[in-house]
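In: What would the 3D arrangement of this be:
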Amino acid sequence: MFNNKGRKNFRNNRNNEVRKNIPVKEGETYTVTIEDMGKGGDGIARVEGFVVFVPETQKGDTVKIKVTSVKSKFAFAEKI
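Out: Here you go, the predicted model:
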């Protein structure tokens, strides 16, 4: 990946590497424990260290979730 000056574009390579290490996929289900609370009130769980925001949960809850959206550094899920 090179920019218009023939130099290697490291930013794109870094983003591609991050995406390869995402352990969750949209539509998949997991059983997680809410470890913390986000500023907006959503519960925060982790799947293999990857942050997943889950609304309508409290710290300490163990819930089954379905991933609804995946970003490069976090995901959103809903209780099922």
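In: what about the strands in this protein?
Out: 29-33, 36-37, 43-47, 50-54, 62-70, 74-79 (DSSP state E).
In: got a markdown table for those strands, with mean pLDDT, distance to Pro23 and mean neighbour count too?
Out: (C-beta placed from N, C-alpha, C; glycine too.) Listed next are those as a markdown table, based on pLDDT from 0 to 100; distance: least, Cβ to Cβ, whole Å; neighbours: other Cβ atoms under 10 Å:
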| stretch | mean pLDDT | distance to Pro23 | mean neighbour count |
| --- | --- | --- | --- |
| strand 29-33 | 99 | 10 | 14 |
| strand 36-37 | 98 | 18 | 12 |
| strand 43-47 | 98 | 5 | 20 |
| strand 50-54 | 98 | 5 | 19 |
| strand 62-70 | 99 | 10 | 16 |
| strand 74-79 | 98 | 9 | 18 |
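In: surely Val63 meets Pro55?
Out: No. Val63 lies out of contact with Pro55 (Cβ atoms under 8 Å); the separation is 10.8 Å.
In: so what sits against both of these two?
Out: Common neighbours of Val63 and Pro55, using Cβ atoms under 8 Å, 6 or more residues apart in numbering, are 43, 79.
In: what sits against the spatially closest residue to Phe74 that is not a sequence neighbour?
Out: Computed as Cβ to Cβ, 6 or more residues apart in numbering, the closest residue to Phe74 that is not its neighbour in sequence is Val51, at 4.3 Å. Applying Cβ under 8 Å, 6+ apart, we find Val51 in contact with 44-45, 73-75.
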